[in-house]
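Enquirer: I would like the atomic coordinates for the input below:
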Amino acid sequence: MQHIYYSIKGPSEGLYKEKGSKFISFAFPVSTETEIKDILERFKKEYYDARHICYAYRIGFSEQKFRANDAGEPAHTAGDPIFNQIKSLELTNTIVIVVRYFGGTKLGKSGLIQAYKTAAEEALKNAEKIEKTEQVVVTMAFEYEKMNEVMKVLKSFSTDFLSQDFQAICSITVQVAKDDSEILVKQLTPYLKSIEL
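Expert: Next comes the predicted model:
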């Protein structure tokens with residue numbers, strides 16, 4: 001069975017204005033919490049003058065991690081409406097950030113919920129939704145002499161190389177379709193010192 005999920009192809013933006021307040025929204029494809037942390041750090045520096053930087057994300061497949069953050073707005077008025085937009089499109093490996101510049105007029109709870117929902121919707125509407133196959137990360141260690149055999153096996157699968165280190169004992173981390181991972185591991189095992197998924 002194919003393990004399919006939906007994400008977005010690349011970054012996208014949206015904008016919503018209400019009573020002078022500006023809600024600028026951004027959507028990004030992400031796959032790790034480290035990546036998310038880096039994006040959020042960048043936003044805090046870049047939009048240091050914004051009143052609020054609210055966000056929600058969901059990553060992973062069967063074991064999903066998600067978070068909705070109101071960033072100082074009243075509870076459940078920002079993070080949840082953003083997260084609900086990600087959920088309604090059945091997306092994972094996606095973060096949506098909404099940067100708010102306050103316009104001087106309070107919007108009230110329902111006004112905020114509507115504003116954050118619409119801003120998130122705008123960013124996701126401008127994103128290209130794509131179907132992807134669930135991937136697993138495989139890290140392996142092997143002796144340098146086994147390099148050709150290992151590379152030959154890896155090339156016969158569509159793997160994405162995440163990191164490699166070639167010493168006397170080499171180490172490679174790849175990402176491969178979950179459905180292919182068992183066969184890949186079986187074919188690689190004779191050449192490896194260790195492997196972990």
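Enquirer: List the residues that contact the spatially most central residue of the chain.
Expert: Centroid-nearest residue in the chain: Val30, 2.0 Å away (criterion: C-alpha atoms, centre = their mean). Val30 makes contact with Ile36, Ile39, Tyr57, Ile59, Asn93, Thr94, Ile95, according to C-beta atoms under 8 Å, 6 or more residues apart in numbering. (Each C-beta comes from the backbone N, C-alpha and C, glycine too.)
Enquirer: okay, now the closest residue to Arg51 other than its chain neighbours: neighbour count?
Expert: Leaving out its chain neighbours, the residue that sits closest to Arg51 by C-beta to C-beta, 6 or more residues apart in numbering is Phe102, at 4.2 Å. For Phe102, the tally of surrounding residues (other C-beta atoms under 10 Å) stands at 14.
Enquirer: right, and Phe102 touches Asp49 too?
Expert: No. Counting by C-beta atoms under 8 Å, Phe102 does not reach Asp49; the two are 10.6 Å apart.
Enquirer: Find residues that contact each of those two.
Expert: The contact sets of Phe102 and Asp49 do not overlap (C-beta under 8 Å, 6+ apart).
Enquirer: before we move on, the earlier item: give me the distance between the residue nearest to the centre of the chain and Asp38.
Expert: According to C-beta to C-beta, to the nearest Å, Val30 and Asp38 sit 9 Å apart.
Enquirer: can you check Val153 too?
Expert: Per C-beta to C-beta, Val153 is found 32 Å from Asp38.
Enquirer: same deal with Lys87?
Expert: Using C-beta to C-beta, Lys87 is found at 24 Å from Asp38.
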